[in-house]
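A.B. asks: just a sequence and a predicted model for now, questions to come.
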Amino acid sequence: MASALLLGACSLLGTPSPSVPLATPGASATQTATLLPTATPFAGLRLPEPTAIDSRTIRYSVGVELEAGGSGQLVVTVENLTSTMIGELVLRWPTEVRETVFLAPFVPSQQRIREGGPALRQDWTKWVEGPGERGEPAGTTSLGWGPLLAGATLTIPVLATRVAPGPLIFDLQILAGEAVLTSDGEPAWLQVSVP
């Protein structure tokens, strides 16, 4: 009966647009995006409307690799389905997410903080809490992940460190700079559910 109530509650979640995928918790720690109806307002952390839509098409998936109450990672895979390079692929989520799960592109280590060590190679191109100098909106965190070549696939691990108990649902956008990309004719704007 409890699982029936949980499934019923999950089916009431709304989404920002009619067919936006949602990464949902399930039987395993690794999840994939699924569709939910849009009958009621979204009860999670929201992102503002993007300033522009980029018509270039991508295919994406989001894996949620976190146990309830634990830390882990989100794995975002993006495939460029066009014949042009995307200059800067950006993931964006509400900054408030960090009050439950702190998302970051790397794990702090002694190598990163010691003086005199070798130069550090960073795969990501920016990590900005808005408002930012390039139009990143207030209340958002933007993680830039460099260029995505035509026809290429990029796998982006985002470390998720639990800082407070409880589940969380939040918006995630996949952008080219400040314009949200397109997937299956819809903006690449999804909801992520962390147990």
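C.D. replies: Done, it's in.

A.B. asks: in the sheet, which residues pair with Val192? Tell me.
C.D. replies: Ala23, Phe170 (DSSP bridges).

A.B. asks: check contacts around it.
C.D. replies: Listed by Cβ atoms under 8 Å, 6 or more residues apart in numbering, the contact set of Val192 reads 22-23, 62, 64, 74, 93, 169-172. For every residue, glycine as well, the C-beta is placed using N, CA and C.

A.B. asks: okay, now the unreliable bits of this structure?
C.D. replies: Across the chain, residues meeting the criterion (pLDDT under 70) sit at 1-43, 107-124.

A.B. asks: now do 90
C.D. replies: Low-confidence regions of the chain, defined by pLDDT under 90, span residues 1-44, 50-51, 67-70, 104-127, 132-136, 145-146.

A.B. asks: sheet-wise, list the partners of the longest strand along it with their directions.
C.D. replies: Here the longest strand in the chain is taken by residue count, with DSSP state E as the criterion, and it is strand 52-65. Paired strands of strand 52-65, with direction, are strand 72-80 (antiparallel), strand 179-183 (parallel) (DSSP bridges).

A.B. asks: the inter-axis angle of the very next helix or strand once past the first one versus strand 72-80?
C.D. replies: Where DSSP states H and E defines the elements, the next helix or strand beyond strand 72-80 is strand 89-94. Counting by axes from the mean of the first three to the mean of the last three Cα atoms, to 10 degrees, strand 89-94 points 140 degrees away from the direction of strand 72-80.

A.B. asks: spatially nearest residue to Pro50, not counting backbone neighbours?
C.D. replies: Once its chain neighbours are removed from consideration, Pro50 has its nearest residue in Val180; the separation is 4.0 Å (Cβ to Cβ, 6 or more residues apart in numbering).

A.B. asks: now Ser183
C.D. replies: Nearest residue to Ser183 in three dimensions, chain neighbours excluded: Ile58, at 5.4 Å (Cβ to Cβ, 6+ apart).
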